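Engineer: I would like to see how this sequence folds:
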Amino acid sequence: MRAVPLRPELVRVVDALLTAAPLGDGEATVTLDAIGEAIGVLAVSQDEIDEIMHALEGAGRSVVGPEGANNEATLGRVLDVARVLRAESGKAPTPAQIAARSGLPEERVRHALALARVIAK
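Structural biologist: Numbering: from 1, shown residues only. Below you'll find the predicted structure:
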């Protein structure tokens, strides 16, 4: 059972990603960049990102980080800022709040948070 049901517009995102990464002889992959591009300007929560990745993995796709994006440094920066913001407010910060404090584009923050979910699995 999924923790957060996907809204119809996010179901369409998942469907588009599945279509773009058809299953073939090898393992089909979906990059975090592709997820970010498919989400576009839709406001999504961290739980919804997790559910999108869960839906992709459940359909036989692997979610991978982009090559050469300095993922480790970005991830460390995002997580450090998120911890500070959580300590200040007592609640989980939004990607927009993390982006504003870190100076990173919100898309890179979303990618880093998605990467953190992949690593945690």
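Engineer: alpha carbons only for contacts and neighbour counts from here, please
Structural biologist: Noted.
Engineer: quick one, what contacts Gln97?
Structural biologist: Contacts for Gln97 were tallied using C-alpha atoms under 8 Å, 6 or more residues apart in numbering; there are none.
Engineer: Repeat that for the one 4 residues further on.
Structural biologist: Under the criterion of C-alpha under 8 Å, 6+ apart, the contact partners of Arg101 comprise Val81.
Engineer: repeat for His54
Structural biologist: Here His54 is in contact with no residue (C-alpha under 8 Å, 6+ apart).
Engineer: Could you check the pLDDT of it?
Structural biologist: pLDDT recorded at His54 is 88.
Engineer: after the lengthiest helix in the chain, next one along is what?
Structural biologist: Under DSSP state H, the helix in the chain containing the largest number of residues is helix 71-89. Next in sequence after helix 71-89, counting helices and strands by DSSP states H and E, comes helix 95-102.
Engineer: who touches the longest helix of the chain?
Structural biologist: Under C-alpha under 8 Å, 6+ apart, the answer for helix 71-89 is 65, 91-93, 98, 101-102, 108-109, 112-113, 115-116.
Engineer: tell me which strands and helices the worst-scoring helix or strand of the chain on mean pLDDT is in contact with?
Structural biologist: Counting by mean pLDDT, DSSP states H and E, the chain has its least confident helix or strand at helix 106-120, which shows a mean of 76. Using 3 or more C-alpha pairs under 8 Å, 6 or more residues apart in numbering; DSSP states H and E, the elements in contact with helix 106-120 are helix 32-39, helix 46-58, helix 71-89, helix 95-102.
Engineer: Could you point out which of these sits nearest Arg7?
Structural biologist: Closest to Arg7 of those, according to C-alpha to C-alpha: helix 46-58, at 8.8 Å.
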